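S.K.: A structural model of the following input is requested.
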Amino acid sequence: MLPSYPMTPDITRYFESIQNRIIKRHKQLSKWARTNHIQYYRLFDRDITECPFIIDALSTHWLLWICDSKLTTDEYDELTDMLMAHLTSINDLPVIIKDRRKGASYDFSYDYEHTFTNIDEGGLQFK
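M.R.: Here you go, the predicted structure:
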């Protein structure tokens, strides 16, 4: 499900380049995580330079980190919207967006502000 507004050709190309990678990595890593009882893993870590995002998968939500790059604000917004829709279509979990760009003084945490998630891994608990 893509946003209804017109997208620039470059953004569409960037998105298409990571869309299949996200699906493939999620399929592989989710099996590995279930087998090893892991609730938090990194799905995408700026593997493609045109897509400055880090995507973490948790048992309760997705975590989408926006990182520095040469993209314009509009391009960031378009890619973020497309990634949110894509992640939600893979696994119907909410997406929390965090901004790691220099000078960014805000988070898009929505309803999850000031909440903690408990993670169990290897008999240990993390908060």
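S.K.: Which elements pack onto the longest helix along the chain?
M.R.: The residue-count maximum for a helix in the chain (DSSP state H) belongs to helix 9-35. The contact analysis (3 or more CB pairs under 8 Å, 6 or more residues apart in numbering; DSSP states H and E) places helix 9-35 against strand 40-45, strand 53-58, helix 73-90. In short, each C-beta sits where N, CA and C put it, glycine included.
S.K.: and that helix with strand 53-58, angle?
M.R.: Angle of helix 9-35 versus strand 53-58, following axes from the mean of the first three to the mean of the last three CA atoms, to 10 degrees, is 30 degrees.
S.K.: hang on, the earlier thing: Throw the helices and strands packed on helix 9-35 into JSON lines and include mean neighbour count, thanks.
M.R.: Listed next are the helices and strands packed on helix 9-35 as JSON lines, based on neighbours: other CB atoms under 10 Å:
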{"stretch": "strand 40-45", "mean neighbour count": "16"}
{"stretch": "strand 53-58", "mean neighbour count": "19"}
{"stretch": "helix 73-90", "mean neighbour count": "17"}
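S.K.: These: lowest mean pLDDT?
M.R.: Note on those: helix 73-90 shows the lowest mean pLDDT, a mean of 86.
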